[in-house]
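Student: Sequence first, then the predicted structure:
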Amino acid sequence: MSKFNGAQVRVELPPKDGNGFVGRDVICATGWLSVSQCLKLSEREFEIVQGIFDDQTESEIADSLGISQHTVHTHLERLYRKSRVSSRTQLIVRVFSAFHSLSVKTQCSTQHDKCPLSECN
């Protein structure tokens, strides 16, 4: 459990499975683009947020991006400040909140056939 804007929130990401489904797949490509623009994420911040959605450690994110773990940690600290959150869970909730507020969910099915949101199926 985590608190976000005073509310208790429980966020559970779907596990990685044999079909290649990872956490970032809960938001379609169109949604990610809109969220990235809404939150004013740099390209690197965007990549790190997706790594967080995939439940990767800082070390795993660093390896996948070819940068140091310290650099990932610095980006995360800046992302937390920029998003006004203090944890990975709160950052995930912030991204979902931005996604929901943008009303791009109904566009998912045309952009990404694996979008698991019920509104898109």
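Tutor: Good, I have the coordinates.

Student: who's in contact with residue 56?
Tutor: Contacts for residue 56 (C-beta atoms under 8 Å, 6 or more residues apart in numbering) come out as residue 64. From N, CA and C alone the C-beta is placed, and that goes for glycine too.

Student: Which parts of this protein are helices?
Tutor: Assigned by DSSP state H, the chain shows helices spanning 29-38, 43-53, 58-65, 69-83, 88-102, 108-111.

Student: nearest to residue 23, of the ones you listed?
Tutor: Nearest to residue 23, of all the helices of the chain, is helix 43-53, at 3.8 Å by C-beta to C-beta.

Student: Measure how buried residue 71 is and give me the count.
Tutor: Per other C-beta atoms under 10 Å, the neighbour tally for residue 71 reads 15.

Student: Just want to check the distance between it and residue 45.
Tutor: 12 Å (C-beta to C-beta, to the nearest Å).

Student: before we move on, back to that, now tabulate the helices of the chain in JSON lines and tack on distance to residue 23 and mean pLDDT.
Tutor: Shown next, in JSON lines, are the helices of the chain (distance: least, C-beta to C-beta, whole Å; pLDDT from 0 to 100):
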{"stretch": "helix 29-38", "distance to residue 23": "12", "mean pLDDT": "88"}
{"stretch": "helix 43-53", "distance to residue 23": "4", "mean pLDDT": "94"}
{"stretch": "helix 58-65", "distance to residue 23": "12", "mean pLDDT": "95"}
{"stretch": "helix 69-83", "distance to residue 23": "16", "mean pLDDT": "96"}
{"stretch": "helix 88-102", "distance to residue 23": "8", "mean pLDDT": "89"}
{"stretch": "helix 108-111", "distance to residue 23": "16", "mean pLDDT": "47"}
